[in-house]
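*Asks:* My questions concern the predicted model and sequence given below.
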Amino acid sequence: MWSELRDLTDAIDVGTPPRSGEMVSLTIDGQPVRVPRGSSVMLAAAKAGCGIPKLCATDTLEPFGSCRLCLVEVEGMRGYPASCTTLVADGMTVRTQSEALSRVRKGVLELYLSDFPAGDVPDGWSEFHQALQQCGVTSHPYGEGMGHQQAAVDESNPYFLFDQAKCIVCNRCVRACEEIQGTFALTISGRGFDSKVSPGQDQPFFESDCVSCGACVQTCPTQALVEKSLFPEGYARA
Ligand code: SF4
Ligand code: FES
């Protein structure tokens, strides 16, 4: 239903919202593709059938560029630009697959995995789990350290719960609250490792300005925000 707000009809999530206007021609993994100017490289790649792994991007929200999973190689550009925030240009040549890119993406996912409930990895279903599969990541090399695995689950809202242990702080819920619902009930508080999703003034969801629209739940790529109805026996972190 949220997709309809942006006139999105494709079943696949092309990663960033569609643009309209003059067409631009570029090459992605050797395939020619044409998309409207202002489109992201990620969207062009999706149109060319080259799905780039992503976590913080979704086509119902403006690009944000925080997770660093969607990096690509662009001829003539230094480093590995994020495909969700890099705009197409005429004659651009993009590679979405290489050994170096696989290494970088694996490193990013291993870091996220190191602070994610281990018991939820084998059977979990979410965009995060899909990204792990897409990049062939099943474990991480880090030992037990400081993590968010002991954080309390916020079950205050009657319809959904928030399990901070599964949150990768991708900001999608915050942006959905602002861009789709226009409520501004969520923020990211704290910095670095201590940054976290905070409803209102770091209150339980039910005591914040949240209107229970569900936009945050629908967009969460890890099921940190998830409908309670999926757990008729009650929620237990795996
Ligand atoms: S709750 Fe979900 S959508 Fe929000 S920041 Fe965490 S992982 Fe992203
Ligand atoms: S999907 Fe591009 S930086 Fe997250």
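*Replies:* Cool, the structure landed. Residues are numbered from 1 along each chain as shown. Ligands and ions are numbered 1, 2, ... in the order given.
*Asks:* okay, CA-based contacts and neighbour counts for the rest of this
*Replies:* Will do.
*Asks:* per-residue confidence at residue 4?
*Replies:* Model confidence at residue 4, given as pLDDT, is 48.
*Asks:* Oh, that last question was meant for residue 72, not what I typed.
*Replies:* Taking residue 72 on its own, its pLDDT is 98.
*Asks:* try residue 124
*Replies:* In this prediction residue 124 is given a pLDDT of 83.
*Asks:* Is it part of a helix or strand, or is it coil?
*Replies:* For residue 124, the assignment made with DSSP: H, G, I helix; E, B strand; the rest coil gives coil.
*Asks:* interface residues of the protein facing ligand 1?
*Replies:* Counting by CA under 6 Å from any ligand atom, the residues of the chain lying close to ligand 1 are 167-173, 197, 219-222, 224-225.
*Asks:* which intervals of this structure have sub-threshold pLDDT?
*Replies:* 1-10 (pLDDT under 70).
*Asks:* Residues of this structure that sit close to ligand 2?
*Replies:* Applying CA under 6 Å from any ligand atom, one finds that the chain approaches ligand 2 through 54-57, 65-70, 82-84.
*Asks:* before we move on, back to that, which of the residues of the chain next to ligand 1 lies closest to ligand 2?
*Replies:* residue 170 (7.6 Å; CA to the nearest ligand atom).
*Asks:* Need phi/psi at that closest one.
*Replies:* The phi/psi pair for residue 170 (degrees, to the nearest 10) reads phi -80, psi -10.
*Asks:* That one: neighbour count?
*Replies:* Residue 170 has 21 neighbouring residues, counting by other CA atoms under 10 Å.
*Asks:* picking up where we left off before, between the residues of the chain next to ligand 2, which sits nearest residue 20?
*Replies:* residue 84 (16.8 Å; CA to CA).
*Asks:* The closest one: what's it in contact with?
*Replies:* Contact analysis of residue 84 by CA atoms under 8 Å, 6 or more residues apart in numbering lists 15, 16, 40, 41, 42, 43, 57, 63, 64, 65, 70.
*Asks:* one more time with 10 Å, if that's ok
*Replies:* By CA atoms under 10 Å, 6 or more residues apart in numbering, the contact set of residue 84 is 14-16, 39-44, 52, 54, 56-59, 62-66, 68-72.
*Asks:* Point out the ones among those that are inside strands.
*Replies:* In strands, judged by DSSP state E, none of the contacts of residue 84 are found.
*Asks:* and residue 96, what is it in contact with?
*Replies:* Residue 96 neighbours (CA under 10 Å, 6+ apart): 28-29, 41-42, 45, 50-53, 70-74, 83, 102.
*Asks:* from those residues, which two are the most distant?
*Replies:* 41 and 102 (17.7 Å).
*Asks:* domains of the chain?
*Replies:* 102-134, 153-230 (automatic domain parsing).
*Asks:* what's the neighbour count on residue 208?
*Replies:* Using other CA under 10 Å, residue 208 has 16 other residues around it.
*Asks:* Tell me which residues of whichever helix in the chain runs longest come out buried.
*Replies:* The longest helix of the chain (DSSP state H) is helix 99-113. Residues 101, 102, 104, 105, 106, 107, 109, 110, 112, 113 are the ones in helix 99-113 that count as buried (16 or more other CA atoms under 10 Å).
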